[in-house]
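In: Sequence unavailable; structure follows:
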């Protein structure tokens with residue numbers, strides 16, 4: 001309803017009913033019940049899945065169907081009720097607009113239409129209580145505010161600064177899902193700035209926030225900002241996005257710094273980088289738990305960065321044939337554009353990968369002409385042992 005009022009095409013429709021999940025399952029043979037925290041019914045029609053939720057009721061009604069932790073976070077909530085009660089359980093007023101298919105009317109119990117017209121994001125109920133029930137609402141608030149171009153009600157934004165730490169209680173896998181929604185919505189640049197403003201980004205990507213806080217106006221900020229800008233551009237052009245690539249840009253500065261520390265402790269450059277990648281990924285997955293295959297892809301992209309400088313012989317051809325060459329090349333271009341790699345190196349690889357074989361050989365030959373000659377070390381003459389007569 002919210003998106004239709006803005007003239008946008010909704011990605012999906014939320015269906016709500018007074019029937020319990022079990023009753024929905026009885027009515028539809030092609031139905032499966034899912035969820036523990038929120039019980040839902042999935043009704044299958046071919047490849048389509050219609051997600052049906054039962055109206056939520058007041059939590060005081062049946063205490064054993066609701067479970068809350070010591071911070072006030074809802075762990076289980078299967079209390080069912082009426083539409084009037086369900087409205088109060090929604091998160092934001094503009095998300096609590098119901099479209100009645102019986103008479104094609106919009107049902108509004110909480111002033112959602114007024115907030116929609118005013119372009120205002122507002123929580124239903126006491127903001128602090130609602131954030132404690134589900135800290136992810138702080139992230140969702142930012143996502144919707146940026147996506148819809150709405151402002152945030154002052155009473156709703158005030159508690160965020162004090163309650164951001166509650167995100168530590170959220171499972172890392174769930175935060176990973178929410179993070180992808182944040183940065184792959186087409187508004188990554190604005191989302192990034194707003195998350196940092198409220199202190200939320202630090203709880204999603206703590207190692208990245210550490211790099212940014214140390215060098216606020218330097219390479220890390222420029223590098224990440226450019227990656228976010230490119231992500232938004234690709235989404236606007238309808239191009240595909242590899243989530244691992246964006247996360248790899250968030251963590252790169254931390255990986256690089258840790259690799260330097262490892263080298264100082266006596267590791268070789270290659271081993272130091274591999275060890276650093278493992279160390280930083282191990283830290284990061286405590287906050288946002290991305291799948292193992294994404295971690296492997298990120299390691300490849302980081303590892304290949306040092307190989308771009310080694311172009312002699314067949315090395316350039318071998319690198320060109322690596323499965324992650326394109327991602328690593330794009331990563332290196334970002335570095336070059338933001339002061340993290342030599343522009344000449346980026347330009348050379350741009351030409352080399354699209355050049356015909358004969359031209360590639362010329363490009364490789366040009367390296368030997370321009371490369372400084374190595375000075376040969378003169379061998380010291382052998383010292384003869386002299387014996388006293």
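Out: Arrived safely, thanks for sending. Given the structure is predicted, the values throughout are model-derived calculations rather than measurements.
In: what about the residue nearest to residue 127 when sequence neighbours are not counted, which helix or strand?
Out: Distances taken as CB to CB, 6 or more residues apart in numbering place residue 156 nearest to residue 127, at 4.8 Å, with adjacent residues excluded. Backbone N, C-alpha and C define where each C-beta goes, glycine included. Applying DSSP states H and E as the criterion places residue 156 in helix 154-157.
In: Give me the distance between that helix and the centre of its chain.
Out: Its chain's average C-alpha position is 25 Å from that of helix 154-157, according to CA atoms, centre = their mean, to the nearest Å.
In: List of residues touching that helix?
Out: Outside helix 154-157, the residues within contact range by CB atoms under 8 Å, 6 or more residues apart in numbering are 121, 122, 123, 127, 141, 198.
In: Greatest separation within those: which pair is it?
Out: Using CB to CB, the pair of the contacts of helix 154-157 lying farthest apart is 122 and 198, separated by 16.1 Å.
In: Please say which of those two ends up with more neighbours.
Out: Counted by other CB atoms under 10 Å, residue 122 and residue 198 do not tie: residue 122 has more neighbours, with 23 against 18.
In: distance of that one from residue 48?
Out: Using CB to CB, to the nearest Å, one obtains 33 Å as the distance from residue 122 to residue 48.
In: show me where the stretch 51-200 of the chain has strands.
Out: If you assign secondary structure with DSSP state E, counting those that start in this stretch, the strands in the stretch 51-200 of the chain sit at 66-68, 74-77, 97-100, 105-108, 120-121, 151-152.
In: Run the chain-centre distance for the fifth one.
Out: Yep, that's strand 120-121 we're talking about. Centroid displacement of strand 120-121 relative to its chain, using CA atoms, centre = their mean, is 24 Å.
In: And that strand, what does it pack against?
Out: Using 3 or more CB pairs under 8 Å, 6 or more residues apart in numbering; DSSP states H and E as the contact test, the elements touching strand 120-121 are helix 136-148, strand 151-152.
In: just the ones you listed: most buried one?
Out: When you average the neighbours per residue for each of the helices and strands packed on strand 120-121 (mean count of other CB atoms under 10 Å), helix 136-148 leads with a mean of 21.
In: Other residues contacting that helix?
Out: Counting contacts by CB under 8 Å, 6+ apart, the residues touching helix 136-148 from outside are 2, 6, 91-92, 94-95, 119, 121, 123, 130-131, 150-152, 156-157, 160, 163-164, 167, 170, 174-175, 178, 181-182, 185, 187, 190-191, 194-195, 198, 200, 204.
In: Buried among those residues? Make that a PyMOL selection.
Out: In PyMOL, the members of these classed as buried (16 or more other CB atoms under 10 Å) are selected with the following command:
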select buried, resi 2+91+92+94+95+121+123+130+131+150+152+156+157+160+163+164+167+170+175+178+182+185+187+190+191+194+195+198+200+204
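In: what about residue 28, neighbour count?
Out: Other residues lying near residue 28 total 16 when counted by other CB under 10 Å.
In: and the residue lying closest to it once chain neighbours are set aside, backbone torsions?
Out: What sits nearest to residue 28 in space, not counting adjacent residues and going by CB to CB, 6+ apart, is residue 43, at 4.9 Å. For residue 43, the backbone dihedrals (degrees, to the nearest 10) come out as phi -100, psi 120.
In: Buried residues, the longest helix belonging to the chain. List them.
Out: Across the chain, the helix with the greatest residue count (assigned by DSSP state H) is helix 243-264. Of the residues in helix 243-264, those buried under the neighbour-count criterion (16+ other CB under 10 Å) are 243-259, 262-263.
In: So which of the contacts of helix 154-157 is the closest to residue 355?
Out: In terms of CB to CB, no member of the contacts of helix 154-157 lies closer to residue 355 than residue 198, at 48.0 Å.
In: And for stretch 175-186, what's in contact with it?
Out: Counting contacts by CB under 8 Å, 6+ apart, the residues outside stretch 175-186 that touch it are 136, 139-140, 142-143, 146-147, 167, 188, 191-192, 195, 203-205, 228, 231-232, 235-236, 241, 243, 246, 287-290.
In: mind redoing it with 7 Å?
Out: Applying CB atoms under 7 Å, 6 or more residues apart in numbering, the set of residues contacting stretch 175-186 from outside is 136, 139, 143, 147, 167, 191, 204, 231-232, 235-236, 241, 243, 246, 287-290.
In: what's the offset of it from the middle of its chain?
Out: On the basis of CA atoms, centre = their mean, stretch 175-186 sits 5 Å off its chain's mean C-alpha point.
In: Looking at that stretch now, give me its mean pLDDT.
Out: The predicted model assigns stretch 175-186 a mean pLDDT of 96.
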